[in-house]
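Undergrad: Here you go, sequence then predicted model.
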Amino acid sequence: MSTKNTATQVKKRSAGIRVKLVIALVAFTVLVLLAIWILQIRLLSYFYEREKFSELEETYLDICTYIGDKNFTDQLQKTAEENGICIRVFTIIDGMAKAVGDGNAGVNCMVHHLSSSLLEDLYVNAKMNNGVYDKRMEFNTDFVTGDAENFYLPGLLQPADTVNAICARLIEKDGAEYFILLDCELTPVSATVKTLQVQFLWTAFFLLCGAILFAFILSRIIATPLSAITEKARRLAVGNYTADFEGRGYREIAELAETLNFAAREIGATDNLQKELIANISHDLRTPLTMIKGYSEIMRDLPGENNAENAQIIIDETTRLSELVSDLLDLSKLQAGTKKPEPEVFDLSALTQDTMRRYDTLIRHNGYRILFETQGEAQVQADRGMILQVIYNLINNAVNYTGESLRVRVSIVLGEDSVRLSVADDGEGISPDKIDHIWDRYYRVDKVHNRAVIGTGLGLSIVKGILEAHGALYGVESAVGVGSVFWFELPLVK
Ligand code: ADP
């Protein structure tokens, strides 16, 4: 499936940042507006009314303390003025209510203009509710339909707007029964709520428009670098490893760009290494094959050349070929995970000593010195064949890179729980910027393919694969111009 198709599918599957941001911001704004609507508008009148009724209740309790006193009518007027309310007090004698006092704060008052039927209604309700009755009285519904001709309109308010809180209370004091009416206006809050409602609608409209606009701008700012990155990632997918991802503005996008740049560099490097490897392998395969073919033909055609020396060349080249092929095979098995260690207990010192024998000819003919130091028997539990391959690869590298001293030192040091095998050479060493890469597949410090130095760039990655499969510690210390020490550690079997 092409990248383009996949991208189109993604587009179809989920909405883009832009749509999601708009939805999220609009949803958030609606929620905030809803909360404001409920708290500020719907509940405002409710809280205000509750507050007013409890104020009336407190005033009533205050009145209770002095009702029936000699000059309580004066006090009623004072209380009314102090609290900005209206008060009426009746005594009930033989089923008749007689007005005995009142207070008027000069506000839009209802209790002073109630018809006798409404007064009776309030009294009956209070009587039925243990002397306590609260009523929210609206001019247009409660009042007019009651007994309209029995009141007049004192205030400036439109009659239809007037809403009052009325508290009707019954109390007995000093053998007398009192019917007390307290009245305060609720209308201002209703008017405020209406203003707020209009304001709210405008605010909601502007806020929603603002949220949509803001979401669009924000999504544009976020989506633009992402789209640019996606575009470059598409180019990367079709093999353009030079893509330079940019992610300015946001830390997350910058990190994504950085990661993609890193990935692009790594993929590019691996791609180059693979190309190099193919070139190297074809070269390495072709050269011995050419030699084998050439020498075989010489030996067939020229009887004088049919000697042991030429036969040895053919054998050497065949060995080189088979080593290359088995290296490739080993690495692919290690990578695929099909080659697993089969541990057995063996003596690492003895194994190393055996391996050294392979180098006898090298020592004898080419003047190499391969020194071996050990502190004695070192029993370890590991895959013998694999560890042999590790030692062999490390010594091979040391021989290949040791330089003019022709000296390689192999040592085995016993620790408390582990044994360390080191292979040191006096070669030119590895520079710090290259040292981390030498374990990578196909990596060779010297890019110029030099047949004098045998190698495919696979040896150390095989070493790494084997040692990691064993969970062993390994590493290298190297100084340019001084030499390198490659080492690994295995747990000792006691
Ligand atoms: P090669 O087959 O090329 O030796 P390796 O994987 O064994 O591949 O090594 C990778 C690279 O690491 C080598 O090409 C070489 O540049 C560097 N290297 C390995 N061992 C040594 C060493 N003992 N001294 C210096 N460089 C080394």
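TA: It's in. Numbering: from 1, shown residues only.

Undergrad: Look up phi and psi at Cys109.
TA: phi -110, psi 140 (degrees, to the nearest 10).

Undergrad: Can you name every helix or strand that the helix or strand where Ile36 lies contacts?
TA: Assigned by DSSP states H and E, Ile36 belongs to helix 17-36. Here helix 17-36 touches helix 187-237, going by 3 or more C-beta pairs under 8 Å, 6 or more residues apart in numbering; DSSP states H and E. All C-beta atoms are positioned from the backbone trio N, CA, C, and that covers glycine.

Undergrad: Past the helix it packs on, which element shows up next along the chain?
TA: helix 251-301.

Undergrad: so how far is the helix or strand that comes right after that following helix off the chain centroid?
TA: Next along the chain after helix 251-301, taking DSSP H and E as the criterion, comes helix 308-336. How far helix 308-336 lies from its chain's middle: 50 Å, per C-alpha atoms, centre = their mean, to the nearest Å.

Undergrad: Stretch 201-218 now?
TA: For stretch 201-218, the distance to the chain centre is 28 Å (C-alpha atoms, centre = their mean).

Undergrad: next one: stretch 110-125
TA: On C-alpha atoms, centre = their mean, the centre of stretch 110-125 falls 68 Å from the chain's centre.

Undergrad: Show me what the helix holding Ile36 is in contact with.
TA: Helix 17-36 is contacted from outside by 15, 200, 203-204, 207-208, 211-212, 214-216, 218-220, 222-223, 226, using C-beta atoms under 8 Å, 6 or more residues apart in numbering.

Undergrad: Can you give me the buried ones in it?
TA: Leu21, Val22, Leu25, Thr29, Leu33 (16 or more other C-beta atoms under 10 Å).

Undergrad: what would the residues you listed look like in a markdown table with pLDDT and distance to Tyr443?
TA: Below are those laid out as a markdown table (pLDDT from 0 to 100; distance: C-beta to C-beta, whole Å):
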| residue | pLDDT | distance to Tyr443 |
| --- | --- | --- |
| Leu21 | 82 | 45 |
| Val22 | 84 | 50 |
| Leu25 | 87 | 51 |
| Thr29 | 88 | 57 |
| Leu33 | 88 | 62 |
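
Undergrad: show me what contacts whichever residue of the stretch 251-400 of the chain sits closest to the ligand?
TA: The ligand sits closest to Asn397 of the stretch 251-400 of the chain, with a gap of 3.5 Å, by C-beta to the nearest ligand atom. By C-beta under 8 Å, 6+ apart, the contact set of Asn397 is Val423, Asp425, Gly455, Gly459, Leu460, Phe486.

Undergrad: Tell me which of the residues you listed fall in strands.
TA: Val423, Asp425, Phe486 (DSSP state E).

Undergrad: Would you mind confirming that the last one makes contact with Leu394?
TA: Yes: counting by C-beta atoms under 8 Å, a contact exists between Phe486 and Leu394, whose distance comes to 4.9 Å.

Undergrad: Which one's more surrounded, those two?
TA: Using other C-beta atoms under 10 Å as the criterion, Phe486 and Leu394 rank with Leu394 on top: 28 against 23.

Undergrad: Shouldn't the more buried one be within a helix?
TA: Yes: judged by DSSP: H, G, I helix; E, B strand; the rest coil, Leu394 forms part of a helix.

Undergrad: Please name the residues that touch it.
TA: Val423, Val463, Phe486 are the contacts of Leu394 under C-beta under 8 Å, 6+ apart.

Undergrad: related to what we said a few turns ago, how far does the helix holding Ile36 sit from its chain's centre?
TA: On the basis of C-alpha atoms, centre = their mean, helix 17-36 sits 22 Å off its chain's mean C-alpha point.

Undergrad: Check which element follows it along the chain.
TA: helix 43-66.

Undergrad: okay, the contacts of Asn397 in CSV with distance to Ile67 and pLDDT next?
TA: Output for the contacts of Asn397, formatted as CSV (distance: C-beta to C-beta, whole Å; pLDDT from 0 to 100):
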residue, distance to Ile67, pLDDT
Val423, 112, 97
Asp425, 114, 95
Gly455, 114, 61
Gly459, 110, 85
Leu460, 106, 91
Phe486, 107, 97
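
Undergrad: What sits closest to Leu208 if chain neighbours are left out?
TA: Among residues not flanking Leu208 along the chain, Thr29 sits closest, at 5.8 Å (C-beta to C-beta, 6 or more residues apart in numbering).

Undergrad: Near Val463, how many other residues are there?
TA: Neighbours around Val463, by other C-beta under 10 Å: 23.

Undergrad: would you list every one of the helices in the stretch 351-494 of the chain?
TA: Taking DSSP state H, counting those that start in this stretch to define them, one finds helices in the stretch 351-494 of the chain at 360-366, 384-401, 432-435, 459-469.

Undergrad: Report the buried residues of the second one.
TA: Neighbour counts over helix 384-401 (16+ other C-beta under 10 Å) mark 384, 386-401 as buried.

Undergrad: State the mean pLDDT of it.
TA: Mean per-residue pLDDT for helix 384-401: 90.

Undergrad: Keeping just the C-alphas, turn it into CSV.
TA: In CSV, the C-alpha atoms belonging to helix 384-401 read as follows (Å, rounded to 0.1, in the frame of the first residue of the first chain):
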residue,chain,number,x,y,z
ARG,A,384,31.5,-22.8,23.9
GLY,A,385,31.3,-22.5,20.2
MET,A,386,30.0,-18.9,20.4
ILE,A,387,32.6,-17.8,22.9
LEU,A,388,35.3,-19.3,20.7
GLN,A,389,34.0,-17.2,17.9
VAL,A,390,34.1,-14.1,20.1
ILE,A,391,37.7,-14.7,21.1
TYR,A,392,38.7,-15.5,17.6
ASN,A,393,37.1,-12.3,16.2
LEU,A,394,38.8,-10.2,18.9
ILE,A,395,42.2,-11.7,18.3
ASN,A,396,41.7,-11.5,14.5
ASN,A,397,40.9,-7.8,14.8
ALA,A,398,43.9,-7.2,17.1
VAL,A,399,46.2,-9.0,14.6
ASN,A,400,44.7,-7.0,11.8
TYR,A,401,45.0,-3.6,13.5
